[in-house]
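**Q** Quick one, fold the following:
(one chain, ligands or ions: 1)
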Amino acid sequence: MKITVVGTGYVGLVTGTCFAETGNDVVCVDIDINKVNKLSGGQITIYEPGLEKLFERNLKEERLHFTTNLADGVKHGEVIFLALPTPPGEDGSADLSYILRVADEMGKLITDYKVIVDKSTVPVGTAEKVQAAIAQHCKHPFDVVSNPEFLREGVAVDDFMKPDRVVIGTRSERARKVMGDLFAPFVRQGNPILFMDEKSAELTKYAANSFLATKISFMNEIAILCEKLGADVDMVRRGVGSDDRIGKRFLFPGIGYGGSCFPKDVQALVKSSEDADYEFKILTAVMDVNERQKLFLLPKIKAWFNDELKGKHFALWGLAFKPNTDDIREAPALYMIDALLAAGATVTVFDPEAMANVQRVIGDKVTYASSQYECLANADALVIATEWSVFRTPDFEKIGASLKNKLIFDGRNLFDVARMAELGFHYESVGRAAATN
Ligand code: UDX
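**A** As a prediction, the model looks like this:
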């Protein structure tokens, strides 16, 4: 099938590449000429495990093309995906100006039947707005479909190739057939394609992400209670998660969720509710809990140092909002760094992928180590903010020898408490008793 993807950000590039990989002829459009030149020249612009190989192969096979020319893109695609940014506006609602501007332009360019697909996470009612923006200028037949993406960064290729479900919002039989054919190769294992109306599809995406964020904030509160009551959140998590109705996933407590989706989507759903004259009480609490959770370790650190962090030096492992990505949007690590610096401490950081992005944002406010062990030199304590695999089984002897004190504050519960006590560390984590040396 001939596919066009407008927007070569994270979602657009994964979508375009994965459709090319299944044999479709894909054109990706972006207004950023530098990006288009890089991509056309074989240089991938995002970090996503497994994507580069597919990208290179499909570029070589000439199933994947990049252009800045929207007219060429519109002419090419039978199905045109809109994967454009929807940043939160000042009031928390999603800013649709990118999408509507492109829809407006597309209306002037369409000359035969097209299926236009909203892939970005957009508030309920956006498909209608896109439909109206195109129809203003377009007399030819077209359908606007909502097809939210559920990709997780770090495993996006797998999520795209083998989705748990594909949600397609359209009431048009013609569009339903086109979309069903396009996605059939991705659900051969038997996972469903769920057809529904546009608004239900749009809301499904927000409801799914908000529910997952709720699970996390809920467990973060349980973790606090565990510490207060002397229970162990690892045990509680397992006990709770073994109930199939609850499920094992997304119950890991920590120093809060971050990233480009959860914070933005929860906030947008709260705003949509307000606009619909409804107060979504649970989600307001989910956001509050997450804000507080980002600094969960700070009182523990302060207590250890008798409230005097001035002149103290910290090693911080993990900057990305989660492992296997270089994305630092809303990363809890950044909040932690700010708080430590504000209290008069200094910080040296290490992350396997996200160092360059952090340097771009906070520059020389911290120092950057070239390895996780170099990071520890002269530090009073180690703080862990992201659960990268390379941090899971470190050389504890080296850690103990490099730090000034055998002291670790772990925001992701990477280590076994009893073992840390045996190794002679003072070790504090989330929702579990401290190991004391
Ligand atoms: C999320 C959704 O999972 C995906 O379906 C949607 O399309 C985009 O948003 P992503 O933002 O890539 O994906 O990350 P995800 O793996 O869902 O993690 C989100 C945040 O929650 C991370 O900061 C992670 O550290 C945190 N998290 C996750 C927890 O704190 N505890 C958990 O148990 C799981």
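
**Q** close to the ligand, is stretch 244-253?
**A** Yes - Stretch 244-253 reaches the ligand (CB under 6 Å from any ligand atom) through 250-252. In this view, the C-beta of every residue, glycine as well, is placed from N, C-alpha and C.

**Q** So for that stretch, mean pLDDT?
**A** Average pLDDT, stretch 244-253: 97.

**Q** Highest neighbour count among the residues of stretch 244-253 next to the ligand?
**A** The most neighbours of any of these, using other CB atoms under 10 Å, belong to F252, which has 20 neighbours.

**Q** nearest to the ligand, of the residues of stretch 244-253 next to the ligand?
**A** For these, the closest approach to the ligand (CB to the nearest ligand atom) belongs to F252, at 3.2 Å.

**Q** for the longest helix seen in the chain, packing partners?
**A** For the chain, the longest helix by residue count, based on DSSP state H, is helix 198-229. Under the contact criterion of 3 or more CB pairs under 8 Å, 6 or more residues apart in numbering; DSSP states H and E, helix 198-229 touches helix 126-135, strand 142-146, strand 166-169, helix 233-241, helix 262-275, helix 281-293.

**Q** So which residues of the stretch 1-150 of the chain form strands?
**A** All strands of the stretch 1-150 of the chain, identified by DSSP state E, counting those that start in this stretch, fall at 2-6, 25-29, 64-67, 79-82, 114-118, 142-146.

**Q** Including mean neighbour count and mean pLDDT, could the ones you listed go into a markdown table?
**A** Listed next are the strands of the stretch 1-150 of the chain as a markdown table, based on neighbours: other CB atoms under 10 Å; pLDDT from 0 to 100:
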| stretch | mean neighbour count | mean pLDDT |
| --- | --- | --- |
| strand 2-6 | 25 | 98 |
| strand 25-29 | 24 | 98 |
| strand 64-67 | 22 | 98 |
| strand 79-82 | 25 | 98 |
| strand 114-118 | 27 | 98 |
| strand 142-146 | 24 | 98 |
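
**Q** any chance of the ones you listed in a markdown table, plus distance to L341?
**A** Shown next, in a markdown table, are those (distance: least, CB to CB, whole Å):
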| stretch | distance to L341 |
| --- | --- |
| strand 2-6 | 40 |
| strand 25-29 | 40 |
| strand 64-67 | 40 |
| strand 79-82 | 40 |
| strand 114-118 | 41 |
| strand 142-146 | 43 |
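
**Q** Just put the ones you listed in a markdown table and tack on distance to the ligand.
**A** Output for the strands of the stretch 1-150 of the chain, formatted as a markdown table (distance: least, CB to the nearest ligand atom, whole Å):
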| stretch | distance to the ligand |
| --- | --- |
| strand 2-6 | 16 |
| strand 25-29 | 19 |
| strand 64-67 | 22 |
| strand 79-82 | 15 |
| strand 114-118 | 14 |
| strand 142-146 | 14 |
